[in-house]
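> The following block contains a protein sequence and its predicted model.
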Amino acid sequence: MRRRLAMDGLADDVTVASAGTHGYHVGEAPDIRAVEAARYRGVDLSALRARRVDADDFERYDMVLAMDRDHLDFLRRLAPPKHRDRVQLFLDYAPDHKGHDVPDPYYGSEDQFDTVLDLIEAAADGLLDEVHRRLGRKAG
């Protein structure tokens, strides 16, 4: 998403962050298979470190996107009532995958990381269109 925003000249206008719903891997780098699959597509994930979502995230961000419905439910319960509408399912921004979960490739094969990246890229394209709409700009 950051790369797409930068390519559209929006990197200074939009903040993107990533967080997990549980603290199992706080401070750790992404799975090496994810890093390698992303690197092959020209995206560098090596500097990312895991963190857990916190209550301030619902104030800080206009959108909080969940990768699957279990996380969606968790985040909606965690969100203050006035910000529950900010919590959405990420793949709802991918026209062919609305209502679907991004599968967790952790216990799967390396190919599953590519499949997940395909889904993420499709949703990122739709999300970029939404960012343009919210900012009142035409897509670049």
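Cool, the structure landed. Residues are numbered from 1 along each chain as shown.
> what about L65, which SS state?
strand (DSSP: H, G, I helix; E, B strand; the rest coil).
> ok, it to A124 distance?
Remark: distance between L65 and A124 (C-beta to C-beta, to the nearest Å) = 10 Å. For the C-beta atoms, the positions are set from N, CA and C on the backbone; glycine is no exception.
> so what sits against both of those two?
Y93 (C-beta atoms under 8 Å, 6 or more residues apart in numbering).
> mind checking the longest helix of the protein?
Identified as the longest helix of the chain according to DSSP state H is helix 110-135.
> Could you pull out the buried residues of stretch 96-105?
Buried positions in stretch 96-105, judged by neighbour count with 16 or more other C-beta atoms under 10 Å: 97, 100-102, 105.
> can you list the residues that contact that stretch?
By C-beta under 8 Å, 6+ apart, the list of residues contacting stretch 96-105 reads 33-34, 67-69, 89-92, 112-113, 115-116, 119-120, 122-123.
> could you give me the average pLDDT of it?
Summarised as a single mean, pLDDT over stretch 96-105 is 96.
> First-to-last residue distance for it?
Taking C-alpha to C-alpha, to the nearest Å, the first and last residues of stretch 96-105 lie 20 Å apart.
> low pLDDT regions in the chain?
Across the chain, the ranges flagged by pLDDT under 70 are 139-140.
> For this structure, which segments count as helices?
2-7, 32-40, 57-60, 69-78, 110-135.
> Rebuild those helices as a markdown table, extending it with mean neighbour count and distance to R51.
Shown next, in a markdown table, are the helices of the chain (neighbours: other C-beta atoms under 10 Å; distance: least, C-beta to C-beta, whole Å):
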| stretch | mean neighbour count | distance to R51 |
| --- | --- | --- |
| helix 2-7 | 15 | 16 |
| helix 32-40 | 16 | 16 |
| helix 57-60 | 15 | 10 |
| helix 69-78 | 16 | 14 |
| helix 110-135 | 16 | 19 |
